[in-house]
Each structure stands twice: as C-alpha cells, then as structure tokens.
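J.: quick one: sequence plus predicted model below, questions after.
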Amino acid sequence: MHDILPEDQRYFQKIYNVCETLINFYGFKRIDTPILEDAALYEKGTGLTTDIVQKQMFTLRTRGGDYLTLRPEFTPAIIRAYLEHGMQALPQPMKLYSTGPVFRYEHPQVGRYRQFHQFNLEVIGDGDPVIDAQIIQIFYNILTELKFKKLIIEVNSIGDSQCRPYYKKLLVNYFRSKDSALCADCRRRMKENPLRALDCKEEKCQREVRQAPQIIDHLCEECHRHFKGVLEFLDEIELPYRLNPYLVRGLDYYTKTVFEIFEDTEEGRKMGSLVAGGRYDALVKLIGGEDTKAVGGAMGIERVIALIKDKGVSVQKFIGHPPIFLAQLGNIAKRKSLKLLEDFRGVKIQTAESLGRDSLKAQLNMADKLGVKYTLLLGQKEALEGTIIIRNMETGQQETVKLEKVVREMQKRIKK
C-alpha cells in the first residue's frame, strides 16, 4: 500500500475531473458503497474459483464473529446496493459510477498496489449490445481526453450458460493431453474453471493456449447475434479493436462481451490493461434479484498515472498552471494581497502566491518555476498609492495600474 503525495494528488484530480465531465454528459450518477462488505457477497458474486477470492481478498473477523472483506472490486457491492435500495423499481437502465480505493492481497503487478484506485462504470437493466459498445466508447474517450494516442481495444465473447458448458468440455478435453505442460494453477483450473487457463500468464501455458479451441467458434445463436451487434457498433463509431479469442477476464460473473483497453506501445504492453470490463447478465439474479441484464468496466488510476509519467509529462504540464503569481513585499502589501486573492477567486482566475515569504527574489523564483505568464508586484509604495505592477514574465515588460482595476485588466489579458 502506498501514500499519495501532494504532487501525485494533482494527477488524480485531473483524471477524476476528465472522467466526471464525460460521464455527466452520458447521464451517469454517482454511487458510493462501503469499503467493508460481508465476505460472502464477494465469494458469491466474484466467484469462489477466482484468484481474487482464493488468493487476494483482505478478510477480517469482527468481535461479533462476522467475516468482512475490504472490497476487491466495485461491481458486487453496487449490485447489492441496487437490490437493497429498490433501484429495480426506478426507470431502467440505472447508469452508475464509482471512484475510490480497492484492495487485493497479491504480488503487485506493474502499476498496481495492494491498495489501488479505480474509476468504475455500471449500466444495470439493459441487454442491448449498443450498451456494451457505449461503455467501451466512454472509457476510450476518457483515455483520449487524457492524451493517450495509440490505444487498442481487445474484445471477445465468452458466451453464457447456454453455450459455455459445451465449450468448457472441449477445453478440458484439449488440455487433458497437455496436463504435464501446464502450471499447477492451470491443472487446478481444469477442475474448477477451465476458462481461466486461457488467461494464464505463464509462458509454457501460453504455448498450449495458442492452439486451444476458440469459444467464438462455439457460441450459441443468441451470444453470436449479441457479439456481432457489439462489433458492428464498434465499427460504426470507428474505434480501433482487435478480436482476442482467448480473452476471458478473471471474474466468474462475466457473460458474453469482455474487453480490455491498452496503450499499444512497448511501455503500454508492459503495464497491461488500463481498462477492463464486460457484460454480467447473471450477477443480479445470483445475488438475489430477478433476471437483470448489466454491463460495466473499471479503469486503474495508478496504471494511467504511471504511463503518463513514463511519457515524461510533468505535473505542471499535465494539470496546467495558474496564469498569475501575486508577489508582495511588506505588511501593508500583504494585507491588501489577501483581499486581492479573494477578488481573483471571485472571477475564477487561479492565482498562485507565497504570502509567508518576505523575499521578493524568492517569490519571483517561484513564479518562474510555476511558469506563470504574469506576476503582480505589490510593494509597500504601491500599497500606499493604491497601485500594482503587472510584469509580463515572457517579455519582462512592466506596467503600473490602479489596484482597483487590476482584476478587470487581468481578465482581459488572460482572455486574449
């Protein structure tokens, strides 16, 4: 687990601002669920055979004997809240989003920690393939807004309860003759969930997986129709995707569409998926509700930040910088500076300052480091005369204006 220091908080803030601006356009509403939930919710919802439940959950026992788990993902808790609060009686679909920490006890991968953060989207109550495509589109748009350029979507269908059992039998029969070539985890998966062998990262297992039967060749008519619809919508909105017939995702509740989004660069491939998700039409009923179609996905914030940093983008360049620095010298100037800062706040012009410093040289050095375009100089003489000096930091030119007019003057200059 890790601390998020002030310089990194700015990356988080920028990413969340981009996310929330976009999803407000698409009509999503925020939902926050507790970090602690009954352990049985994840055992049932995420799946007893998943690595998350078997290896990665932080579970504790309370004094009353209850077993609680730090949430390893958002979806089961959101479905629990959907049912508990009667959201199924509201106009459907419910379009919900969440942000916050999730917890997994594991050997952390690149860009991931035992406490990490996700941005999560869910659409509950609609089974149309256009919703699958829209979820993918929204995440793709978010990453594009964050200046990722070489993005690729990997997509697959893993069928449903109609066609998946037959495919599992094919898979088990294929791997039976390869048993000695599989890792211990995959030999166990053959008994519990053979699809998970397709997701194994061990090279010796990957060699065998490349020759395995592909589920896309064995989808039932409904799953085939649904997946064909998803691909047609992705084609219509011209998103770059490739079929990955061995993409399964690591959670038991997925049905039909599964997807991941990567940056298709050397650094991006090392980092792994930035976004992952899919359809989970059986989960609501599994947790105790009626048959309800649903689809969602999650973006790993730390992974996104790590790739942004790999590009050499500094915090200041990433978030922008204030256009103005207010430098002051002397007690009278300091008092007037407090009022002036509030005037700039009132017109929504971000203004940097260092009121506690008395050295003008130190303040100007700070203005240089921040990369501001203008520095306002308010000394003892200017404070007494009711004036202030505007310095253009690019040209070095200075101009004295009335203190009472400086806010309006800076609005004009910044607008230009």
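T.: That came in fine, so what should we check first? Residues are numbered from 1 along each chain as shown.
J.: quick one, what contacts the residue lying closest to residue 338 once chain neighbours are set aside?
T.: Using C-beta to C-beta, 6 or more residues apart in numbering and skipping residues adjacent in sequence, the residue nearest residue 338 is residue 355, 7.4 Å away. C-beta coordinates here come from the backbone N, C-alpha and C atoms, glycine included. By C-beta atoms under 8 Å, 6 or more residues apart in numbering, residue 355 lies in contact with 328, 334, 337-338.
J.: apply 10 Å and report the result again.
T.: For residue 355, the contacting residues are 326-328, 333-334, 337-338, 341, 363, by C-beta atoms under 10 Å, 6 or more residues apart in numbering.
J.: same thing with residue 143?
T.: Residue 143 touches 15, 18, 149, 151, 261-263, 274-275, 299, 304, 307, counting by C-beta under 10 Å, 6+ apart.
J.: if I look at it, how far off is residue 119?
T.: Between residue 143 and residue 119 the distance is 11 Å, computed by C-beta to C-beta, to the nearest Å.
J.: hey, what's in contact with both of those two?
T.: In contact with both residue 143 and residue 119: 15, 18, 275, 299, 304, using C-beta under 10 Å, 6+ apart.
J.: after the host helix or strand of residue 352, next one along is what?
T.: In this assignment (DSSP states H and E), residue 352 forms part of strand 351-353. Per DSSP H and E, the first helix or strand lying C-terminal to strand 351-353 is helix 360-370.
J.: need the next SSE after that next one, C-terminal direction.
T.: Following helix 360-370 toward the C-terminus (DSSP H and E): strand 374-378.
J.: so which bits of that following strand are buried?
T.: 374-378 (16 or more other C-beta atoms under 10 Å).
J.: which other helices and strands contact it?
T.: In terms of contacts (3 or more C-beta pairs under 10 Å, 6 or more residues apart in numbering; DSSP states H and E), strand 374-378 is packed against strand 324-328, helix 331-346, strand 351-353, helix 360-370, strand 387-392, strand 398-402, helix 406-415.
J.: please identify the most buried of those.
T.: Stretch with highest mean neighbour count among those: strand 324-328 (a mean of 26; mean count of other C-beta atoms under 10 Å).
J.: show me what that one is packed up against.
T.: Right, strand 324-328 is packed against helix 331-346, strand 351-353, helix 360-370, strand 374-378, helix 380-385, strand 387-392, helix 406-415 by 3+ C-beta pairs under 10 Å, 6+ apart.
J.: wait, which of these is closest to residue 239?
T.: Shortest distance between residue 239 and the helices and strands packed on strand 324-328, using C-beta to C-beta, is found for helix 406-415: 36.2 Å.
J.: could the buried residues of strand 374-378 go into CSV alongside distance to residue 94?
T.: As requested, the buried residues of strand 374-378 are exported to CSV (distance: C-beta to C-beta, whole Å):
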residue, distance to residue 94
374, 47
375, 50
376, 49
377, 55
378, 53
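J.: redo these as CSV? Include pLDDT and distance to residue 224.
T.: Shown next, in CSV, are the buried residues of strand 374-378 (pLDDT from 0 to 100; distance: C-beta to C-beta, whole Å):
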residue, pLDDT, distance to residue 224
374, 96, 62
375, 96, 65
376, 96, 66
377, 96, 71
378, 95, 71
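J.: quick one: which two of those are the most distant?
T.: 374 and 378 (12.8 Å).
J.: who touches both of those two?
T.: Common contacts of residue 374 and residue 378 (C-beta under 10 Å, 6+ apart): residue 326.
J.: and the helices and strands packed on strand 374-378: which comes nearest residue 245?
T.: Here helix 360-370 is closest among these (C-beta to C-beta), at 50.8 Å.
J.: and the contacts of that closest one?
T.: By C-beta under 10 Å, 6+ apart, helix 360-370 touches 316, 321-330, 352-355, 357, 359, 372-377, 379, 391, 393.
J.: right, I'll call it a day here.
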